[in-house]
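>>> with the sequence up front, the predicted model follows.
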Amino acid sequence: MSSMPRRKLALPSKTLPLTPPDPSSSSSAASSWARVRPRANRCRDPWEYSRTGSDVVSTNDLRAVVGFAAAISIDLAVINSLPLPALDGGQLVFVLAEAATGRKIDQRLQENINAAVLLLLLLVSVGTTIGDVEAIALGR
């Protein structure tokens with residue numbers, strides 16, 4: 001074992017607010033939030049997320065960037081917990097079904113269900129990507 005001294009981490013004394021800044025204030029955080037918020041409420045597709053992320057980063061406001069990153073993480077967690085077999089929520093459904101019936105679900109059946117739902121998710125992804133590209137091309 002080495003005898004290196006232990007370092008203490010210096011924690012900031014100021015905590016960040018959990019709510020958006022007051023729009024009536026003249027702070028840069030309030031103006032950044034006011035500029036980004038309308039676009040953040042419309043995030044429906046990857047293109048809009050990238051545009052909004054670009055707007056957030058251009059504000060040079062660390063709070064806005066961290067808040068946007070947190071919002072994306074929460075969105076991904078919610079989508080991942082949906083009870084679709086190819087996602088984590090679907091695996092939880094299999095575990096709960098095994099617990100309810102008291103017997104293990106056939107591995108081949110699980111694989112077939114996962115493959116079918118994954119194919120469906122890929123088709124939906126391709127369809128939305130085609131719709132997004134058409135919307136960009138037509139200027140909607």
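Received, thanks. Since this is a predicted model, take the numbers as computed values, not measurements.
>>> tell me the mean pLDDT for the helix of greatest length in the chain?
Secondary structure of the chain per DSSP state H: the longest helix is helix 107-138. Mean pLDDT, helix 107-138: 90.
>>> what is that helix packed up against?
When contacts are defined as 3 or more Cβ pairs under 8 Å, 6 or more residues apart in numbering; DSSP states H and E, helix 107-138 packs onto helix 46-58, helix 88-101. C-beta coordinates here come from the backbone N, C-alpha and C atoms, glycine included.
>>> can you give me the angle that helix makes with helix 46-58?
70 degrees (axes from the mean of the first three to the mean of the last three Cα atoms, to 10 degrees).
>>> what comes up buried for helix 107-138?
110, 113-114, 132 (16 or more other Cβ atoms under 10 Å).
>>> out of the residues you listed, flag the one nearest to residue 60.
residue 132 (28.4 Å; Cβ to Cβ).
>>> I figured the closest one hits residue 47, correct?
Yes - proximity of residue 132 to residue 47 meets the contact threshold set by Cβ atoms under 8 Å, at 5.5 Å.
>>> helix or strand for residue 75, which one?
Using DSSP states H and E, residue 75 sits within helix 62-80.
>>> any idea of the angle that helix forms with helix 46-58?
160 degrees.
>>> who are the packing partners of helix 62-80?
helix 28-40, helix 46-58.
>>> just flag whichever of those helices has the lowest average confidence.
helix 28-40 (a mean of 54).
>>> hmm, back to that, with distance to residue 95 added, can I get the buried residues of helix 107-138 in JSON lines?
Shown next, in JSON lines, are those (distance: Cβ to Cβ, whole Å):
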{"residue": "110", "distance to residue 95": "11"}
{"residue": "113", "distance to residue 95": "14"}
{"residue": "114", "distance to residue 95": "14"}
{"residue": "132", "distance to residue 95": "35"}
